[in-house]
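quick one, structure for this:
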Amino acid sequence: MSWTDERVELLKKMWGEGQSASQIAKELGGVTRNAVIGKVHRLGLSNRAGAAGTAKAEPKPAPKAEAAKPKPAAKAAAPAKPSKPEVVMETKSATPPPSPRKQIIPAGQPLPPQPSANEISPEALAKVNAVEKKAKKLSLMELTERTCKWPVGDPATENFWFCGLPVQQGKPYCEAHVGVAFQPMSARRDRRR
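Predicted coordinates for the structure are as follows:
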């Protein structure tokens, strides 16, 4: 199945009408719901939740304006009591609270520092630093089952390499990197308490 101009136009039309991705996929035929969602994303079509919210927000001021016209008559009958509740109601409905969103990090960008569940001792870190100074600095293609596969550096740069020192029996890393990567069961149990 290829995205012809006619199919893309039909997708845009149906998406704009508010039909679901499943309905659009069924109408187009030969395409899945996920393919429709992917094409909508690649085309940069607006998020309908935001579009629906703005469509609903536009009619709201019109009823408020109509409600404002009868207010002067109500003020003449009882000026203070009716106006206060209406003002409070308008402020609540006029400004919805903003929804918190997480920052999206583009592909290829390094992740921000994450809180670590593992607490690595300073001695283990010092041992790793000493070992990495005498590491063989192998590339991915040079690794074997007997070489330490601990990655060092950013894979997107030329300064990326693997440790390459002899591994500990049954582990993928050398002794220093095993001390950082694996923790004894008792240490993990103690941390949970």
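
and the pLDDT at K102?
Listed pLDDT for K102 reads 66.

swap that for F162, please
On pLDDT, F162 comes in at 93.

just checking, it touches T144?
No: the pair F162 and T144 does not pass the contact test of Cβ atoms under 8 Å, sitting 10.7 Å apart. For the C-beta atoms, the positions are set from N, CA and C on the backbone; glycine is no exception.

higher neighbour count, those two?
Applying other Cβ atoms under 10 Å to F162 and T144 shows that F162 carries more neighbours, namely 21 against 9.

tell me how the chain divides into domains.
Listed by automatic domain parsing, the domain ranges of the chain are 5-45, 122-192.

pLDDT of the helix or strand containing A126, averaged?
Per DSSP states H and E: A126 is located in helix 122-133. Helix 122-133 shows a mean pLDDT of 81.

can you list the residues that contact it?
Contacts to helix 122-133, defined as Cβ atoms under 8 Å, 6 or more residues apart in numbering, come from residues 152, 163, 165, 174-177, 179-180.

again, only using 6 Å
Contact with helix 122-133 is made by 176, 179-180, as judged by Cβ atoms under 6 Å, 6 or more residues apart in numbering.

buried ones in that helix?
For helix 122-133, the neighbour count (16 or more other Cβ atoms under 10 Å) marks 124, 127-128, 131-132 as buried.

before we move on, back to that, from the contacts of helix 122-133, which is closest to A35?
V180 (42.9 Å; Cβ to Cβ).

I105 versus that closest one, what's the distance?
V180 is 25 Å from I105, where distance means Cβ to Cβ, to the nearest Å.

who's more crowded, these two?
Between V180 and I105, counted using other Cβ under 10 Å, the more crowded position is V180 (17 against 10).

now do the host helix or strand of that one: which elements does it pack against?
Using DSSP H and E, V180 maps to helix 175-181. Contact analysis of helix 175-181 by 3 or more Cβ pairs under 6 Å, 6 or more residues apart in numbering; DSSP states H and E lists helix 122-133 as its packing neighbours.
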